[in-house]
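Asker: based on what follows, work out the 3D shape:
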Amino acid sequence: MVKSFAGRSMKKAVEETVAAENGTELMVSGDGFWQTRGFQSRHGAAALLSCNTTSKVLDIETCKTSPKVVASDRRDINVRSQIAGHLCGIRHAGLVKLMGAMNLPSPIQDERYSKWDRDLLIMVKSFTERSMKKAIEETVAAENGTELMVSGDGFWQTRDFQSRHGAAALISCNATPKVLDIETCSKTCNTCMGALSIKKSDPAKYDKIIKSHRCEKNYEKSSGTMESAAILIMFKRSVSKYGVYYTKYVGDGDSKTFPVLSKIVPYPGKEIKKIEDLNHFSKRMKRALETIKRQHGRKKLSDGKTIGGKNRLSGESF
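Answerer: Have a look, this model is predicted:
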């Protein structure tokens, strides 16, 4: 009712101003106002007023910040920016710099950011599990059975094999490949490492922290074996978690994973077949041919010609 009345009132004010000015080119004044006094208000509005003897409101527009997330007091833009910070690897410190460079308000304070990180992790894990379960169901339907062909790949926090954290994923091998399962490996725990600073000064508090926290460390061996270890874990739990068997594994020729799967049989009585990854095979073949050409490029063969040149080994033939 109020909106309807305001609309009619402003329309009438415009008509009166047009009549008073004897034309449609009007002189107006604008003003803004906020829900709270400071410029940190989440809500604001602006109005246009006629510049004549009556000075009436001609139009009004309200401005709100990003909507709230359902069943939460958090704003949608804050949640999305926090997720984006993790996906881009810049986290809170990076977001502060980014917002500053764009002349936008800074993200929430670091303490609240860390608290919401924990809440966000719960939501992301829940969504991830639902997404992977749905991917399994779609793959089972596409394959018309529970014996699936999968591809595995590992990745590390740093590029070399000295990384303290690593992970691996299993992906379906069909027309629409999707992630079916993931597993992480950590050689350190941030909570354990942080608590070391008070181990001598406050042993009681140190013991309390160590006993009450959920330790992130779950791996002791070399970082290079994280991929095969994580994939083996996912194979072993496929039946209990999803009710499926991964009976065909697509891997590269120099992978350490398949020998592990062959040695430690995840499914008694079921053989796991290895399917060669053509992409990896072609890359290895190309590297081998390039090495041969580099080492023997000037050496003449039995036909008196070198190994390279027209209709011989060349970049195009590679």
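
Asker: right, and V69 touches D76 too?
Answerer: Yes. V69 sits in contact with D76 when judged by C-beta atoms under 8 Å, with a separation of 5.7 Å. C-beta coordinates here come from the backbone N, C-alpha and C atoms, glycine included.

Asker: from Q109, how far off is R37?
Answerer: According to C-beta to C-beta, to the nearest Å, R37 stands 21 Å off from Q109.

Asker: no, scratch that, I was asking about K208
Answerer: Following C-beta to C-beta, the distance that separates K208 from Q109 is 26 Å.

Asker: kindly report the same for D31.
Answerer: For D31, the distance to Q109 (C-beta to C-beta) stands at 32 Å.

Asker: what does G23 give?
Answerer: G23 sits 54 Å away from Q109 when distances are taken as C-beta to C-beta.

Asker: also T54?
Answerer: Going from T54 to Q109 by C-beta to C-beta gives 48 Å.

Asker: with N78 instead?
Answerer: 12 Å.

Asker: so which of those two has more stuff around it?
Answerer: Neighbour count, other C-beta atoms under 10 Å: between N78 and Q109, N78 has more, with 18 against 10.

Asker: what pLDDT does that one get?
Answerer: Confidence per residue is given as pLDDT, and for N78 that number is 84.

Asker: next, count neighbours for the residue nearest to it when sequence neighbours are not counted.
Answerer: With C-beta to C-beta, 6 or more residues apart in numbering as the criterion, N78 has its nearest non-adjacent residue at 6.3 Å, and that residue is I108. As a burial measure, I108 scores 18 neighbours (other C-beta under 10 Å).

Asker: buried ones in the longest helix along the chain?
Answerer: The helix spanning the most residues in the chain, taking DSSP state H as the definition, is helix 110-143. Of all the residues in helix 110-143, those buried under the rule 16 or more other C-beta atoms under 10 Å are Y113, W116, L120, M132, A135, I136, T139, V140.

Asker: check the fourth one and give its pLDDT.
Answerer: In this case it means M132. pLDDT, M132: 97.

Asker: so it sits right up against D181, yeah?
Answerer: Yes. Between M132 and D181 there is a contact at 6.0 Å, judged by C-beta under 8 Å.

Asker: so where's the stretch 151-300 of the chain shaky on pLDDT?
Answerer: Per-residue confidence of the stretch 151-300 of the chain (counting by pLDDT under 70) places the weak regions at 252-254, 280-281.

Asker: where exactly do the strands run in it?
Answerer: Residue ranges of the strands in the stretch 151-300 of the chain, as given by DSSP state E, counting those that start in this stretch, are 165-172, 179-186, 245-251, 273-276.

Asker: and of the ones you listed, who's closest to L98?
Answerer: strand 165-172 (24.5 Å; C-beta to C-beta).

Asker: partners of the closest one in the sheet?
Answerer: Strands adjacent to strand 165-172 in the sheet, as given by DSSP bridges, are strand 147-156 (antiparallel), strand 179-186 (antiparallel).

Asker: for stretch 110-125, what is the average pLDDT?
Answerer: In this model, stretch 110-125 carries a mean pLDDT of 86.

Asker: from the chain's centre, how far out does that stretch sit?
Answerer: Here stretch 110-125 shows a centroid-to-chain-centroid distance of 14 Å under the convention C-alpha atoms, centre = their mean, to the nearest Å.

Asker: which residues are in contact with that stretch?
Answerer: For stretch 110-125, the external contacting residues (C-beta atoms under 8 Å, 6 or more residues apart in numbering) are R74, N78, V79, Q82, I83, H92, P107, I108.

Asker: could you dump those residues to TSV with secondary structure and distance to K236?
Answerer: Listed next are the contacts of stretch 110-125 as TSV, based on DSSP: H, G, I helix; E, B strand; the rest coil; distance: C-beta to C-beta, whole Å:
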residue	secondary structure	distance to K236
R74	coil	38
N78	helix	39
V79	helix	35
Q82	helix	34
I83	helix	31
H92	helix	37
P107	coil	41
I108	coil	41
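
Asker: widest-spaced pair of these?
Answerer: Of all pairs drawn from these, the one with the largest separation by C-beta to C-beta is R74 and H92; the distance is 15.3 Å.

Asker: centroid-nearest residue for the protein?
Answerer: Taking C-alpha atoms, centre = their mean as the criterion, L87 is the residue nearest the geometric centre of the chain, at 4.4 Å.

Asker: for that residue, give me the pLDDT.
Answerer: The per-residue pLDDT reported for L87 equals 88.

Asker: repeat for the one 4 residues further on
Answerer: Confidence per residue is given as pLDDT, and for R91 that number is 85.

Asker: N190 versus the closest residue in space to it that isn't next to it in sequence, what's the distance?
Answerer: Closest residue to R91 apart from its sequence neighbours, by C-beta to C-beta, 6+ apart: G85 at 5.0 Å. Shown here: G85 relative to N190, a distance of 18 Å by C-beta to C-beta.
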